[in-house]
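In: Need coordinates for the below:
(one chain, ligands or ions: 1)
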Amino acid sequence: MTKQELHSQFGPKLVTTLPGPKARAAVEADSRLISPSYTRSYPLVAKSGRGIRVTDSDGNEFLDFAAGIAVNSTGHCHPEVVAAIQKQAAELIHISGTDFYDENLTNLAAKLTAVAPMPGPHKFFYGNSGAEAVECALKLARYHTKRQQVIAFYGAFHGRTMGALSLTASKPQQKRRFAPLVPGVTHIPYPYVYRNGPADPTAQEQWALNCARYIEDKLFKTTLAPEEVAAIFVEPIQGEGGYVPAPANFLHELRAICDRHGILLVADEVQSGAGRTGKWWAIEESGVEPDIVCIAKGIASGMPLGICMSKAEIMDWLPGSHASTFGGNPVSIAAALATIEILNREGIANAAKVGAQMLARLEGWKETHPLVGDIRGRGLMIGIELVKDKATREPVTALRNRIEELAFERGLLILGCGETSIRLCPPLILKEEEATVALDILEEALAEVEKQHAHMGELTAAGA
Ligand SMILES: Cc1ncc(COP(=O)(O)O)c(C=O)c1O
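Out: Model prediction:
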């Protein structure tokens, strides 16, 4: 198939200039009525979706490599998920697991136990969002250990409710004017090797280990009594912070520190879990077993569901300690059960396969594109860090944002993350051909920005 044929079969289909007239009107109405705290990068007004495609209100069809912020794991409106939702909605929409029983709460728990990253038995708490899964983990860790302090990492994003926000350390605007936050959180550096680590690759492993050792070598010797620490919260791959994977030895050292001091290790897999990295959980790659796992986003294909899974003995709180009216909603649970079927059958293996192909192509961009500083990730959780100069690694936030806009104008939906990175988090059912077309479009947008800025003398030559 020629490139042209590939693009006409698998590419976006734009029928208006962007934004089209209906989208423009919707954006205008939105600006009058909707909270200005949202962070829209470009004017996509979504109307319908199927697979990896989203159609806007003017009939333009986009390739969706954002997936509603890494949520539509099985693609938009997967027929099996839609059928499960429709069937459940016709039977029972709400009952509240807080006060009543529902067999599907245990059915879903059994499915998750079968794929958990730590040995069972497990217990499960159901909420509605990633932040609620994190809130539960924070409250549970304090309750179970009877300790108050927690450790989290710079660059972390754990959510926006007051507890989760207190753990978050991603962007100042997320916290500005919201203090006082929940006390007792200490942030320490995350092993962001590319940006903060040593340039010498042979020294990087030791540096990553030292990031973890800082806890015992510094914190526990100066400001924090280890017996007062309830938990360490870590994203095995930082999401919002820039799609930054934690080296395995760092995670192993966290586990060892937790074991030495009776601290719980909480893996926030809200973004990296549910098969996105080509394994059920990102932490599996390291072999480290967490005590608590936070789950949301991709687990129910877009229906709101947040889950806190723990080793059974940890969830020892008494009735009334924690609950949620809507948490574990029957329709969301039905969507999750259907999602798990699809992920186990094809989604996770496909994420590993197509993700590896994408990463192989993207690796080459470090040589051919002056703006591309680093390529990282696993499966279909891929980060591209852009820099003004490969030696100084100076961030280029405005250029990154411009690339997002240019991609949108060409029919590709992508999101930024961190200060200067692009994230690719498409549905896990992505076909190879769709991946090729999307990377062609992204490369075109990248090359256009590089051309403009090289022209203005703002970029140094590739590899310089
Ligand atoms: C790792 C991680 N934890 C927690 C959250 C919060 O999830 P939610 O926005 O569903 O509250 C997010 C959201 O991006 C996330 O990426």
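
In: and A360, how many neighbours does it have?
Out: Per other C-beta atoms under 10 Å, the neighbour tally for A360 reads 10. To be clear about C-beta, it is placed using only N, CA and C from the backbone, and glycine gets the same treatment.

In: What's the first helix or strand after the strand or helix carrying it?
Out: Per DSSP states H and E, A360 falls inside helix 348-368. With elements assigned by DSSP H and E, the helix or strand that comes after helix 348-368 is strand 372-378.

In: buried residues in the helix holding A360?
Out: Within helix 348-368, the residues that qualify as buried are 348, 350-352, 354-355, 358-359, 362, 365-366, counting by 16 or more other C-beta atoms under 10 Å.

In: Check which helices and strands it sits against.
Out: Applying 3 or more C-beta pairs under 8 Å, 6 or more residues apart in numbering; DSSP states H and E, one finds that helix 348-368 contacts strand 372-378, strand 381-386, helix 432-455.

In: Residues in contact with the longest one: which ones?
Out: Under the criterion C-beta atoms under 8 Å, 6 or more residues apart in numbering, residues 3, 6-7, 9-12, 52, 63, 65, 354, 357-358, 361-362, 365, 369-372, 399, 402-403, 406-407, 410-412, 414, 422, 424, 426, 459 lie in contact with helix 432-455.

In: Could you rerun that using 7 Å?
Out: Applying C-beta atoms under 7 Å, 6 or more residues apart in numbering, the contact partners of helix 432-455 are 6-7, 10-11, 52, 63, 65, 354, 357-358, 361, 369-371, 399, 402-403, 406-407, 410-412, 414, 459.

In: what angle do that helix and strand 372-378 make?
Out: Here the directions of helix 432-455 and strand 372-378 differ by 160 degrees (axes from the mean of the first three to the mean of the last three C-alpha atoms, to 10 degrees).

In: could you give the angle of helix 432-455 to strand 381-386?
Out: Compare the direction of helix 432-455 with that of strand 381-386 by the same axes, to 10 degrees and you get 10 degrees.

In: Any buried residues in helix 432-455, and which?
Out: Neighbour-count burial for helix 432-455 [16+ other C-beta under 10 Å]: 434-443, 445-447, 449-450, 453.

In: Now the two most distant members of the residues you listed.
Out: Among the buried residues of helix 432-455, the pair separated by the greatest distance (C-beta to C-beta) is E434 and H453, at 29.0 Å.

In: related to what we said a few turns ago, tell me the buried residues within the contacts of helix 432-455.
Out: 7, 10-11, 52, 63, 65, 354, 358, 369-371, 399, 402-403, 406-407, 410-412, 414, 459.

In: which residues touch Y190?
Out: Residues near Y190 by C-beta under 7 Å, 6+ apart: 153-156, 211, 238, 244, 246.

In: re the thing from before, of the helices and strands packed on helix 348-368, give the one that comes closest to the ligand.
Out: The ligand lies closest to strand 381-386 among the helices and strands packed on helix 348-368, at 10.7 Å (C-beta to the nearest ligand atom).

In: and that closest one, what other elements does it pack with?
Out: Secondary-structure packing of strand 381-386 (3 or more C-beta pairs under 7 Å, 6 or more residues apart in numbering; DSSP states H and E): helix 348-368, strand 372-378, strand 421-424.

In: Any idea which of the ones you listed gets closest to A334?
Out: helix 348-368 (20.3 Å).

In: and that closest one with strand 381-386, angle?
Out: Going by the same axes, to 10 degrees, helix 348-368 makes 10 degrees with strand 381-386.

In: Show me which residues of this structure are close to the ligand?
Out: Counting by C-beta under 6 Å from any ligand atom, the chain comes close to the ligand at 69, 129-131, 134, 157-159, 235, 239-240, 268, 270-271, 296.

In: The same query, at a cut-off of 5 Å, please.
Out: 129-131, 158-159, 235, 239, 268, 270-271, 296 (C-beta under 5 Å from any ligand atom).

In: And the nearest residue to L415 once chain neighbours are set aside, how far from S324?
Out: Of all residues not flanking L415 in the chain, A66 sits nearest, at 4.6 Å (C-beta to C-beta, 6 or more residues apart in numbering). Distance of A66 to S324, given as C-beta to C-beta, to the nearest Å: 27 Å.
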